[in-house]
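>>> sequence unavailable; structure follows:
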């Protein structure tokens, strides 16, 4: 269950991803042929549940792009089902306290890090992905290492505890939600505001000082390269549906201009 996104992060390859909202296995597979490194199947704002997410994971794997998922909430079923169907990492929204993250680690990581329930599932070919001689403990260790747990920093509460959160064993990195974070700070959408820029730097510093990676999100193409220059380890750009709409709008405008 090799995690290609983790490998690219470890080799500082500056991976780029997008949020998956189109909701089709074919769309997930097609995104794998674009050069994207990962997709985030959106179980929070998207209309998806674990069963449909499973088909998108298969499509992504066929296309060769790493499938992550954003969970709908911090709860055992929401976390466990997505991991068992084979997503390679979880983005977890609406984090306010370190206690929430501690609870999250207990659901998402096997012992001795957490208390994730063990069952052979699709993630390990129902137990047949490993040699018969491999122990359950070895299986659990592989899952812990290759499945990314990524809380989302998008609230004042999370920001104020970011140093402690990133120091927790079991947290692999942080995903910044700039829209909700700016709203939580009382400066909605003011991404160049000094306070917002200071918050970004604080999150980056906390991640890197604790040996964790940091991913940010933007809807501006130019901001992807700028994010890497700022120090982010990976960038998520837009929503696939919005990119599709914009691509066709640009195409249609070009065609009409030639008529």
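Cool, got the structure. Remember, predicted model here, so these are calculated numbers, not experimental data.
>>> contacts for the longest helix seen in the chain, please.
Ranked by residue count and defined by DSSP state H, the top helix of the chain is helix 240-257. With contact meaning Cβ atoms under 8 Å, 6 or more residues apart in numbering, helix 240-257 is reached by 18-22, 27, 31, 39, 219, 237. Using the backbone N, CA and C atoms, a C-beta is placed for each residue, glycine as well.
>>> okay, now the unreliable bits of the chain?
Within the chain, the stretches with pLDDT under 70 are 131-134.
>>> what's around residue 224, how many residues?
Neighbour count of residue 224, defined by other Cβ atoms under 10 Å: 18.
>>> now do the SS call for it.
helix (DSSP: H, G, I helix; E, B strand; the rest coil).
>>> next up, the contacts around it.
Contacts of residue 224 (Cβ under 8 Å, 6+ apart): 16, 218, 235, 237.
>>> what about it, distance to residue 16?
6 Å (Cβ to Cβ, to the nearest Å).
>>> shared neighbours, these two?
Joint contacts of residue 224 and residue 16 (Cβ under 8 Å, 6+ apart) are 235, 237.
>>> pull the contacting residues for residue 100.
When contacts are counted by Cβ under 8 Å, 6+ apart, residue 100 touches residue 74.
>>> which residue ranges of the stretch 101-250 of the chain form strands?
Taking DSSP state E, counting those that start in this stretch to define them, one finds strands in the stretch 101-250 of the chain at 148-153, 173-176, 213-218, 234-239.
>>> export those to a markdown table and tack on mean neighbour count and distance to residue 53?
As requested, the strands of the stretch 101-250 of the chain are exported to a markdown table (neighbours: other Cβ atoms under 10 Å; distance: least, Cβ to Cβ, whole Å):
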| stretch | mean neighbour count | distance to residue 53 |
| --- | --- | --- |
| strand 148-153 | 25 | 16 |
| strand 173-176 | 25 | 18 |
| strand 213-218 | 24 | 20 |
| strand 234-239 | 22 | 16 |
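>>> many thanks, have a good one.
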